Each structure stands twice: as structure tokens, then as C-alpha cells.
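with the input below, show me the fold.
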Amino acid sequence: MARTHSKAATTLDDLLNRAKTRPPIRVAVVAADQALVLQTIKQATSLGLIVPRLIGDPDAILAGAKEIGLTIRRETIIAANSEAEAARAGVDLVRSGDADAVMKGYIHTDILMRALLDSTRGLRIPGQRVSHVFMIDIPSYPKLLAVTDAAINITPDLTAKQQILQNAVALLHHLGTTTPKVAVLSSVKTVNPAITSTLDAASLAVMAQRGQISGAIIDGPMAFDNAISAAAAREKGIVSEVAGDVDILLVPDLISGNILAKNLEYLAGATAAGIVLGLSVPVVLNSRAGPPSARLAALALAVLMHRPAPPQQRTEEPEAVIHCAAQAESACCPIGV
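Numbers count the residues shown, from 1 in each chain. Below is the predicted model of the structure:
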């Protein structure tokens with residue numbers, strides 16, 4: 001399928017080119033002592049996207065930087081002796097006003113998220129659900145595909161799915177898609193009381209019709225093939241504005257979403273840029289095994305999401321966030337991705 005040209009970005013390169021026109025943002029890189037992380041930092045710095053604040057083992061960071069020709073002064077590195085200490089240092093940089101975003105380096109997701117979600121010292125905003133979106137560039141699909149949530153919310157209920165979905169819709173609005181098309185995924189296209197995800201999907205579709213979810217065209221339940229392929233939908237007699245033209249895939253749970261995203265990466269040649277929404281700043285969150293291109297694209301997303309708050313409003317709710325609704329702490333329980 002051919003790529004189309006519109007206000008909305010159709011590739012991750014489009015997002016990167018847009019980000020290059022923006023001022024650089026200050027990024028706290030948590031656990032920066034890994035070659036892939038440092039390669040990303042070198043690229044992002046050379047493109048003028050970021051001003052990095054590296055956190056981790058200074059000796060390992062300096063050795064890795066030397067190998068790739070990246071110049072770093074030891075005194076600019078924030079030393080951390082453990083993943084937990086590095087995560088806390090990254091959060092502290094944001095809270096002190098010295099960083100505009102956080103980037104996951106070579107650190108387990110659960111350790112980083114624990115610091116980000118700390119009820120007293122983290123980056124939570126009261127009344128906001130934290131969720132994750134992969135913006136995926138697939139060679140065989142004509143536009144970017146958002147998959148949510150494949151990294152943070154393990155088994156979201158209907159209310160959580162509504163909030164996760166509204167988060168993703170707001171992100172796509174921000175990136176130029178006026179009315180994103182959403183497929184709420186399950187294994188089948190019809191409601192089956194024995195399959196909870198079909199009940200949730202049907203409810204979300206009705207909620208959109210009644211204005212409880214705004215700014216998107218939502219259909220579900222939909223199987224993956226019907227969401228991606230208009231031909232598959234026609235063969236099954238499905239009439240839908242979403243089929244074959246989907247922008248957002250809302251997955252039933254973290255496990256299915258994580259498998260889907262990694263399947264697209266490793267078997268379909270896709271690049272997936274991961275970003276966390278709902279905190280006071282954007283958080284770049286990709287797999288530790290993810291290539292520099294994916295991390296670079298995620299940094300571009302963070303640049304595009306960043307809106308500095310006016311000085312007189314620094315103590316108020318930050319404007320750099322894609323907003324959503326409340327969540328219980330127990331609903332946000334990440335695993336390593």
C-alpha cells in the first residue's frame with residue numbers, strides 16, 4: 001500500500017523531520033551505560049533533538065562513549081550505583097526543573113516505573129492514568145499505527161481501557177490526525193459473553209457513539225485481520241469505517257499487545273517508538289533490545305510532545321502532558337519490555 005501525504009505523519013521519519021525544527025529538550029537518560037543507548041544519544045545530539053543528562057556508571061559510560069566517538073565530560077555524568085538509584089536520579093532531575101523528558105536506558109521497566117509512579121516523589125499527575133503507546137512504522141502499512149497498551153497496564157478493565165484509549169486519541173490529535181480510527185481488538189468480530197474483551201470492545205464503541213469518548217471513530221470488537229485489511233473485512237461481511245484504515249489498535253491486555261508489537265518488529269520489519277503518557281513529562285520507553293532507530297524516533301515524539309510551561313505556572317499542572325483520567329496504583333504494574 002502506498003504512503004499518503006497529509007498533515008498527519010505517515011512515517012517515523014516524518015516525526016523525526018518535524019522534531020528537527022523544534023528546540024532541543026533536556027533528557028534525563030536513566031542507566032545510560034549501554035552501547036545502543038549511547039549510539040542513540042550521539043545521533044539525537046547531532047540532530048539537535050536533545051541535550052542529554054546521562055545517569056549511570058561513569059566509567060562504563062565514558063568507555064562506551066569513547067568507542068563510538070561521543071565526547072562526554074565526566075563531571076556532567078550523574079553517578080548511580082544501581083538501577084533504582086539511576087531511576088530516582090532521573091525523576092529528581094525532572095522535579096528540580098533540570099530535565100524536560102526521561103529516557104529509559106539499560107534498565108528494567110518495572111524499576112523505572114516504580115520511581116516514576118512514586119506517590120510522593122514521582123511524576124504522577126493527580127487524576128491521570130499512565131499508559132504506553134507504541135507508534136509503529138510498518139513497511140507494508142500506509143501510515144503509522146499506534147498500539148496501546150503493550151507495556152504498563154497489565155489487565156485493564158473497561159474503565160481503564162476508556163482512559164488508555166482517550167490517551168492515545170489525544171496523542172494522535174497532537175501529531176496531526178484529526179479523527180483517528182480505532183479498532184478495539186479481540187479474537188472475534190462478534191460479542192461473546194464468554195470473552196470479556198468482546199464485551200469491553202462493544203461497550204467502548206457504544207460509549208463513543210454516546211459521546212463518552214470523544215475525538216475518534218471507534219469500532220469493536222474487531223479481529224486483527226479485519227482491522228488491518230479492508231479485504232479481510234469484506235470477505236467476512238464487516239462494514240466498518242475503521243476496517244483497513246485503522247490508526248489505533250487498543251489491545252485486550254499487556255500480554256497480547258506486547259506480543260503484537262514485537263511480532264511486527266521482528267517478523268514484519270517494523271520500527272516501534274515507545275512513549276509513556278500521563279506523567280508530567282514524556283518518557284521514552286522502548287525495549288532494552290530495541291535498535292537506536294526506534295529510540296531516536298521515540299525521542300522525536302518526546303520533542304513534539306514537549307510544551308514548556310510559562311514560568312509563573314511552574315508549580316501548576318504541566319502542559320507537556322497528554323491528559324487522561326484517573327487510575328488506581330494497582331492497575332499500573334509494568335513488566336520488562
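
ok, residue 222 - contacts?
Residue 222 makes contacts with 183-186, 189, 201, 238, 240, 242-243, as judged by CB atoms under 8 Å, 6 or more residues apart in numbering. From N, CA and C alone the C-beta is placed, and that goes for glycine too.

who wins on neighbours among the residues you listed?
The most neighbours of any of those, using other CB atoms under 10 Å, belong to residue 183, which has 29 neighbours.

pretty sure residue 132 sits in a strand.
Yes. Counting by DSSP: H, G, I helix; E, B strand; the rest coil, residue 132 is located in a strand.

that one touches residue 149, doesn't it?
Yes. Residue 132 lies in contact with residue 149 (CB atoms under 8 Å); the separation is 5.1 Å.

so which one among the contacts of residue 222 has the lowest pLDDT?
Within the set of the contacts of residue 222, pLDDT is lowest for residue 238 (84).

and that one, what are its phi and psi?
When quoted as degrees, to the nearest 10, the phi and psi of residue 238 stand at phi -90, psi 120.

same deal with residue 122?
Here residue 122 shows phi and psi, under degrees, to the nearest 10, equal to phi -90, psi -160.

how close does it sit to residue 55?
Distance of residue 122 to residue 55, given as CB to CB, to the nearest Å: 16 Å.

those two: which is more packed in?
Higher neighbour count among residue 122 and residue 55: residue 55, with 30 against 20, using other CB under 10 Å.

helix or strand next in line after whichever strand or helix holds that one, which one?
Secondary structure assignment for residue 55, by DSSP states H and E: strand 50-56. Beyond strand 50-56 on the C-terminal side, the first helix or strand identified by DSSP H and E is helix 58-68.

enumerate the positions of the strand holding residue 55 that are buried.
Neighbour counts over strand 50-56 (16 or more other CB atoms under 10 Å) mark 50, 52-56 as buried.

in TSV, list these along with pLDDT and distance to residue 22.
Formatted as TSV, the buried residues of strand 50-56 follow (pLDDT from 0 to 100; distance: CB to CB, whole Å):
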residue	pLDDT	distance to residue 22
50	96	11
52	95	16
53	95	18
54	97	22
55	97	24
56	95	27
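
which one among these gets closest to residue 247?
Nearest to residue 247 out of these is residue 50 (CB to CB; 27.1 Å).

how about residue 132, nearest residue that isn't a chain neighbour?
residue 151 (3.9 Å; CB to CB, 6 or more residues apart in numbering).

go on, residue 67?
Nearest to residue 67 is residue 35, by CB to CB, 6+ apart, at 7.2 Å.

just checking, the one you found touches residue 64?
Yes. Counting by CB under 8 Å, residue 64 is a contact partner of residue 35 at 5.5 Å.

which of the two has more neighbours?
Neighbour comparison, residue 35 and residue 64: the larger count goes to residue 64, with 22 against 14 (by other CB under 10 Å).

which regions of the protein lie under the pLDDT threshold?
For the chain, the stretches with pLDDT under 70 are 1-6, 307-337.

all strands of it, in order?
25-30, 50-56, 78-79, 101-104, 131-137, 145-148, 181-185, 217-222, 248-250, 271-277, 283-284 (DSSP state E).

so which of the ones you listed comes closest to residue 69?
Of all the strands of the chain, strand 50-56 comes closest under CB to CB, at 15.3 Å.

could you spell out the sheet neighbours of the closest one, each with its direction?
strand 25-30 (parallel), strand 78-79 (parallel) (DSSP bridges).

identify the residues contacting the last one?
Going back to what we said before, that points to strand 78-79. 53-58, 89, 93.

which one of the residues you listed is nearest residue 276?
Closest to residue 276, out of all of the contacts of strand 78-79 and judged by CB to CB, is residue 93, at 16.0 Å.

right, and the pair among the contacts of strand 78-79 with maximum separation?
57 and 93 (17.2 Å).

neighbour count for these two, which is higher?
residue 93 (23 against 18).

how long is stretch 31-51 end to end?
16 Å (CA to CA, to the nearest Å).

coming back round to it: can I get the contacts of residue 222 in TSV with distance to residue 169?
Output for these, formatted as TSV (distance: CB to CB, whole Å):
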residue	distance to residue 169
183	13
184	12
185	16
186	19
189	22
201	16
238	22
240	17
242	13
243	18
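
buried ones in stretch 189-197, by neighbour count?
189, 195, 197.

so how far is residue 268 from the last one?
This means residue 197. Taken as CB to CB, the span from residue 197 to residue 268 is 23 Å.

residue 136 reaches residue 274, doesn't it?
No. Counting by CB under 8 Å, residue 136 stays clear of residue 274, with 9.5 Å between them.

ok so, going back, list just the nearest of the buried residues of strand 50-56 to residue 28.
Checking those one by one against residue 28 (CB to CB), the nearest turns out to be residue 53, at 5.0 Å.
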